[in-house]
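**Student:** any chance you could fold what I've pasted below:
(2 chains)
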There are 2 protein chains.
Amino acid sequence: MSSPADHAELFPGFEVLRDRVERALREVLSPPQQSGPFAGLDADCPDRLREAMRHSLLAGGKRLRPVLTLACDQACRANEAGSGADRHGDDNALRAAVAVELVHTYSLVHDDLPCMDDDDLRRGRPTCHVAFDEATAVLAGDALLTLAFQTLAELDPPGAVAGCVVTLARAAGAVGMVAGQMADLEAEADGPPPTNDVDRLSAGAHLQSIHRRKTGALIAASCEMGGIVAGADRGTRAALKRYGERLGLAFQIADDLLDLSADTAALGKTAGKDVAAGKLTYPALHGEAGSRRMAETVAGEAIAALESLGEAAEPLRALARYAVERDR
Amino acid sequence: MSSPADHAELFPGFEVLRDRVERALREVLSPPQQSGPFAGLDADCPDRLREAMRHSLLAGGKRLRPVLTLACDQACRANEAGSGADRHGDDNALRAAVAVELVHTYSLVHDDLPCMDDDDLRRGRPTCHVAFDEATAVLAGDALLTLAFQTLAELDPPGAVAGCVVTLARAAGAVGMVAGQMADLEAEADGPPPTNDVDRLSAGAHLQSIHRRKTGALIAASCEMGGIVAGADRGTRAALKRYGERLGLAFQIADDLLDLSADTAALGKTAGKDVAAGKLTYPALHGEAGSRRMAETVAGEAIAALESLGEAAEPLRALARYAVERDR
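**Tutor:** All right, here's what the predicted structure looks like:
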């Protein structure tokens, strides 16, 4: 997914949550002598491995997923208790948020490998295997993924551990993000988008099934985990998951549209690259206007999913509107 | 670690436990229409990904780690209740055992990659990246690791989830197995074993610190998790962890000795390879007789750790004796 400016205020209060996430991420990989409540590594971690993990985890970014976890937690707790955040709940939500970002970062490190998408640069900096080496990048990704589950297991009290671990693992693994990356690699080998209507319909369904697993599942899990740590009921958790799924799809369609306008400005360079790579995109399948309508419908579905959460979910609604308006 | 014959009866009752593990491992990656209580994947898992995971997970092997989890669970429960296994506890121990083997298998898939140890064969079959391709092998490893934590999160009742997830994650991650692999890759670049005494002492400590993390930590966690699912007290868990640490080290030293005798028989072929790769081994540092004494001491420490468990831990003691006797 392409990034809006890292420090954009995606909804009122976004930056406050993003700063909390940044501080916790720094702590989770801090050297042993600087450990705090989130510290996940001790002196047994080789320096080079720690540096490779830090290189990738602390490379900036808008931290959309962990901020969603915090915002969903806050929406649930404000709705329930009226007054909101006790200290304890805050730390639990932050722990879940850190786990989500660790998983997202590991996926970027492995996706960038030469045998996968073979990317040298990310956010203008060398990718992990370029800055270090391939073996270190594989191991750093493995360690980030493992640390995500370790972080979740230290939720206090441990009542939410099982729910969060299952939710994150299903979203990240062989029926979620890893499945999506596998399907994406297989789709790239299939050549350019089809031209007849029946094939386009089936390609459209396939594209959606790739994105649902590759990016949608983790965004949905980020939202649902906010509900889990807040102790939300089953219905509210399902609503947050649905919101996350639709939000992820809205962002994806809008990203494809943004790439398209960037392409035009840059004389079709990236467009040519996508076509050459046989990449399916929403505009390629549904046209620009059709894709824009689809993004608006999907963002509307995200907002509708939050109905039971009332006023407290306003930041989440603002984010869904932002997702489709930023490409104008 | 090199393997004794897959179907050796490492202690009385070993084969019964090994069969239970095999059946559960088959179920965890079964196609959706054949799912049972351990099934971890549904139709969203791409066929090729599932096949790659099955290729590596169902490749045989003695299943030492998951059998240890079952044997430690049984030792604790027999000791506590006198009569042993209720159905419920059996399933929980099996779930923990499956998680351990999923982690062990993922580590083999990633360690075999061209950028790591670059191995084409394992147990006489093509390694995952040879049978499929590198990208699929990276993803299959990622998915196996993720599935391990998902499997643990479904322990029922969920009281043991947090303890098992933390124990497994610490043993597998950036202060455990991944750290050991990283340190091993760095050590290989350091050249042949040193010849003067001071350097040999420091190299010996370094070798032990690599093995403690690379193989010892996961074996110790396999044992400790048996105690956790059995509801053992803190002291018993610590004893099982200590047993696993010493057992892992005894196996490692004995493996190095076995390689040495194989070498002699094969005109020093493998020995030459180890020296050329700058691999540290126990016989290279401490001599053959010194290594044999060390293995016996360490196996004795493993047995001593089990003192409080009485008769019920006899299979575990037999395994420690087997570890050092098999190279004779």
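
**Student:** tell me the buried residues in the longest helix belonging to chain A?
**Tutor:** In chain A, taking DSSP state H as the definition, the longest helix is helix A:234-265. Buried residues in helix A:234-265, defined by neighbour count with 16 or more other Cβ atoms under 10 Å in any protein chain shown: A:236-237, A:239-257, A:259-260, A:263. All C-beta atoms are positioned from the backbone trio N, CA, C, and that covers glycine.

**Student:** can it be said to contact chain B?
**Tutor:** No - using Cβ under 8 Å from any Cβ of the partner chain, we find that helix A:234-265 stays clear of chain B, coming within 13.5 Å at best.

**Student:** quick one: low-confidence residue ranges for the stretch 51-200 of chain A.
**Tutor:** Counting by pLDDT under 70, the stretch 51-200 of chain A contains low-confidence residues at A:80-89, A:190-193.

**Student:** now the helices for it?
**Tutor:** Secondary structure of the stretch 51-200 of chain A (DSSP state H, counting those that start in this stretch): helices at A:64-81, A:87-111, A:128-131, A:134-153, A:161-172, A:177-188, A:197-211.

**Student:** who's in contact with A:Val16?
**Tutor:** Neighbouring residues of A:Val16 by Cβ atoms under 8 Å, 6 or more residues apart in numbering or on different chains: there are none.

**Student:** mind checking the SS state of it?
**Tutor:** helix (DSSP: H, G, I helix; E, B strand; the rest coil).

**Student:** what is the burial count for A:Gly287?
**Tutor:** 12 (other Cβ atoms under 10 Å in any protein chain shown).

**Student:** measure the closest residue to A:Ala131 other than its chain neighbours to A:Leu113 for me?
**Tutor:** Sequence neighbours aside, A:His55 is the residue nearest to A:Ala131 in space, at 5.6 Å (criterion: Cβ to Cβ, 6 or more residues apart in numbering or on different chains). Using Cβ to Cβ, to the nearest Å, A:His55 is found at 15 Å from A:Leu113.

**Student:** looking at these two, which one has more neighbours?
**Tutor:** Here A:His55 and A:Leu113 are compared on neighbour count by other Cβ under 10 Å; more neighbours surround A:Leu113, at 22 against 19.

**Student:** how near is A:Leu201 to B:Thr136?
**Tutor:** 29 Å.

**Student:** higher neighbour count, these two?
**Tutor:** B:Thr136 (24 against 12).

**Student:** the more buried one and B:Met53 touch, don't they?
**Tutor:** No - the criterion here is Cβ atoms under 8 Å, and B:Thr136 misses it with B:Met53 at 9.6 Å.

**Student:** re earlier: pick the most buried one from the helices of the stretch 51-200 of chain A.
**Tutor:** Mean neighbour count (mean count of other Cβ atoms under 10 Å in any protein chain shown) peaks for helix A:134-153 among the helices of the stretch 51-200 of chain A, with a mean of 28.

**Student:** what helices and strands are in contact with that one?
**Tutor:** Contacts defined by 3 or more Cβ pairs under 8 Å, 6 or more residues apart in numbering or on different chains; DSSP states H and E place helix A:134-153 against helix A:47-57, helix A:87-111, helix A:128-131, helix A:161-172, helix B:87-111, helix B:134-153, helix B:161-172, helix B:177-188.

**Student:** tilt between the last one and helix A:47-57?
**Tutor:** Okay, so that is helix B:177-188. Counting by axes from the mean of the first three to the mean of the last three Cα atoms, to 10 degrees, helix B:177-188 points 120 degrees away from the direction of helix A:47-57.

**Student:** extract the C-alpha set from helix B:177-188 and format it as PDB.
**Tutor:** Once non-C-alpha atoms are left out, helix B:177-188 reads as follows in PDB (Å, rounded to 0.1, in the frame of the first residue of the first chain):
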ATOM      1  CA  MET B 177      16.700 -20.100  18.100                       C
ATOM      2  CA  VAL B 178      16.900 -17.200  15.700                       C
ATOM      3  CA  ALA B 179      19.700 -15.700  17.800                       C
ATOM      4  CA  GLY B 180      21.600 -19.000  17.700                       C
ATOM      5  CA  GLN B 181      21.300 -19.300  13.900                       C
ATOM      6  CA  MET B 182      22.500 -15.700  13.600                       C
ATOM      7  CA  ALA B 183      25.400 -16.300  15.900                       C
ATOM      8  CA  ASP B 184      26.200 -19.500  14.000                       C
ATOM      9  CA  LEU B 185      26.300 -17.700  10.700                       C
ATOM     10  CA  GLU B 186      28.600 -15.100  12.200                       C
ATOM     11  CA  ALA B 187      30.900 -17.800  13.700                       C
ATOM     12  CA  GLU B 188      31.300 -19.600  10.400                       C
END
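
**Student:** how many residues are close by the nearest residue to A:Val175 once chain neighbours are set aside?
**Tutor:** Leaving aside its sequence neighbours, A:Val175 sits nearest to B:Asp44 (Cβ to Cβ, 6+ apart; 3.9 Å). Using other Cβ under 10 Å, B:Asp44 is surrounded by 18 other residues.

**Student:** got phi/psi on B:Asp44?
**Tutor:** Backbone torsions of B:Asp44, given as degrees, to the nearest 10, read phi -70, psi -10.

**Student:** distance of A:Ala254 relative to B:Asp42?
**Tutor:** 29 Å.

**Student:** now do A:Ala238
**Tutor:** 18 Å.

**Student:** can I assume A:Ala304 sits in a strand?
**Tutor:** No - counting by three-state DSSP, one finds A:Ala304 to be helix, located in no strand.

**Student:** how far off helix A:64-81 does the longest helix of chain A point, in degrees?
**Tutor:** 150 degrees.

**Student:** quick one, helix A:234-265 and helix A:197-211 angle?
**Tutor:** Using the same axes, to 10 degrees: helix A:234-265 against helix A:197-211 is 120 degrees.

**Student:** could you list the low-pLDDT ranges of the stretch 201-328 of chain A?
**Tutor:** Residues of the stretch 201-328 of chain A that meet the cut-off, pLDDT under 70, sit at A:263-279, A:327-328.

**Student:** and the residue of it closest to chain B?
**Tutor:** Taking Cβ to the nearest Cβ, chain B has its nearest neighbour within the stretch 201-328 of chain A at A:Arg213, 6.3 Å off.

**Student:** pretty sure that residue sits in a strand.
**Tutor:** No - the assignment for A:Arg213, made by three-state DSSP, is helix rather than a strand.

**Student:** what is the burial count for it?
**Tutor:** Quick note: A:Arg213 (other Cβ under 10 Å) scores 25 neighbours.

**Student:** check contacts around it.
**Tutor:** A:Arg213 neighbours (Cβ under 8 Å, 6+ apart): A:Val175, A:Gly176, A:Met177, A:Ala179, A:Gly180, A:Ala183, B:Asp44.

**Student:** list the contacts of the last one.
**Tutor:** B:Asp44 sits next to A:Val175, A:Gly176, A:Ala179, A:Arg213 when contact means Cβ under 8 Å, 6+ apart.

**Student:** ok, the first one touching B:Arg50?
**Tutor:** No - counting by Cβ under 8 Å, A:Val175 stays clear of B:Arg50, with 9.9 Å between them.

**Student:** those two: which has the busier surroundings?
**Tutor:** Remark: of A:Val175 and B:Arg50, A:Val175 carries more neighbours, 27 against 21, as counted by other Cβ under 10 Å.

**Student:** for the more buried one, phi and psi?
**Tutor:** phi -120, psi 10.

**Student:** quick check: the gap between it and A:Ile219.
**Tutor:** A:Val175 is 16 Å from A:Ile219, by Cβ to Cβ.

**Student:** with that, I have no additional questions.
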